[in-house]
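# Sequence and predicted model, in that order:
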Amino acid sequence: MRIVAISTHLDDAALSASASLAGRDATVLTVFAGLPPPEIELASWDRHTGATNSADRQIERLTEDAQVMRLLSAQGRYLDELDSQYRPSGQPPDVGRIAESIAGYFDGDSAQAWIPAAIGGHPDHVLARDAALRAAVIAGLPEIVLYADYPYVLNFGLPSWLTSRPAEVRLTAEQRETKTSIICAYRSQRLALALSEADLAANPAKLNTELFWRVDPQACIRQGIR
């Protein structure tokens with residue numbers, strides 16, 4: 001089956017599930033892909049990654065993502081939601097509204113839905129996960145795939161609320177090369193994510209595996225996952 005993967009930001013799904021997405025006629029839907037409003041000249045994370053203007057940086061990231069979609073032979077699709085650093089009021093967007101937007105991309109007859117597990121608890125990752133789980137229920141999907149957010153899983157480990165052992169993809173030499181190319185393509189982010197050439201050389205195990213779980217979306221919602 002082809003895959004419809006929900007990506008929180010412009011890099012998350014590709015970095016987390018490259019081996020499963022590559023060559024699968026995948027669609028990668030990025031939730032927080034909107035351009036910052038004019039009053040946001042330079043937001044916190046953009047400053048941390050060395051940007052001088054947030055709008056320019058987001059356009060740069062969209063260009064990077066398009067390059068990665070070509071590497072994966074995947075289709076990139078984008079919602080116009082604002083990244084948390086670009087929300088002037090600090091108020092989160094409506095999860096139900098985002099869920100309705102995502103649901104239109106899920107087709108239970110021909111595609112698997114891949115959703116971030118939100119490891120590490122970043123608010124945008126939690127929002128994307130919760131909205132996508134609701135979307136899966138709206139679409140009537142009996143099962144979805146939760147993928148381990150990379151590189152957060154390297155720092156935080158596996159979530160306690162997922163009691164089953166994850167399925168593990170051990171990357172081949174060719175898949176490691178593809179993942180390295182993806183990391184390089186996301187050049188504006190790789191230093192801040194500790195994925196520079198020097199980081200990978202010092203810790204090559206960062207490219208060893210990708211993890212995921214097959215779960216019932218309604219059961220996840222009932223659990224009140226955190």
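Okay, I see it.
# pLDDT on stretch 13-24, on average?
The average pLDDT for stretch 13-24 rounds to 97.
# Off-centre distance for that stretch?
10 Å (Cα atoms, centre = their mean, to the nearest Å).
# repeat for stretch 66-85
Taking Cα atoms, centre = their mean, one finds stretch 66-85 lying 9 Å from the centre of the chain it belongs to.
# again, but for stretch 198-216
Put simply, stretch 198-216 sits 14 Å off its chain's centre (Cα atoms, centre = their mean).
# residues in contact with it?
Applying Cβ atoms under 8 Å, 6 or more residues apart in numbering, the external contacts of stretch 198-216 come out as 16-20, 114, 117, 142-148, 150-151, 153-154, 158, 162, 164, 166-171, 176, 179-180, 183, 195. C-beta: built from backbone N, CA, C; applies to glycine.
# hmm, who's touching the helix or strand of the chain with the lowest mean pLDDT?
Lowest mean confidence among the helices and strands of the chain (mean pLDDT, DSSP states H and E): helix 217-223, at a mean of 87. Outside helix 217-223, the residues that touch it by Cβ under 8 Å, 6+ apart are 115, 133, 134, 136, 137, 141, 143, 144, 146, 161.
# Which member of these is positioned nearest residue 61?
residue 115 (21.1 Å; Cβ to Cβ).
# which element follows the helix or strand hosting the closest one toward the C-terminus?
In this assignment (DSSP states H and E), residue 115 forms part of strand 111-116. Once the chain leaves strand 111-116, the next helix or strand it forms, by DSSP H and E, is helix 123-138.
# one step back: highest neighbour count among the contacts of helix 217-223?
When neighbours are counted by other Cβ atoms under 10 Å, residue 115 leads those with 30 neighbours.
# Tabulate the CA atom coordinates of stretch 59-74 in PDB.
The C-alpha coordinates for stretch 59-74 follow below in PDB (Å, rounded to 0.1, in the frame of the first residue of the first chain):
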ATOM      1  CA  ILE A  59      10.400  29.700   2.000                       C
ATOM      2  CA  GLU A  60      13.900  28.200   2.100                       C
ATOM      3  CA  ARG A  61      12.500  25.200   4.100                       C
ATOM      4  CA  LEU A  62       9.700  24.700   1.600                       C
ATOM      5  CA  THR A  63      12.400  24.500  -1.100                       C
ATOM      6  CA  GLU A  64      14.400  22.000   0.900                       C
ATOM      7  CA  ASP A  65      11.300  19.900   1.400                       C
ATOM      8  CA  ALA A  66      10.500  19.900  -2.300                       C
ATOM      9  CA  GLN A  67      14.000  18.500  -2.900                       C
ATOM     10  CA  VAL A  68      13.500  15.800  -0.300                       C
ATOM     11  CA  MET A  69      10.200  14.800  -1.900                       C
ATOM     12  CA  ARG A  70      12.100  14.200  -5.100                       C
ATOM     13  CA  LEU A  71      14.600  12.100  -3.300                       C
ATOM     14  CA  LEU A  72      11.800  10.000  -1.900                       C
ATOM     15  CA  SER A  73       9.700  10.000  -5.100                       C
ATOM     16  CA  ALA A  74       6.900  11.300  -2.900                       C
END
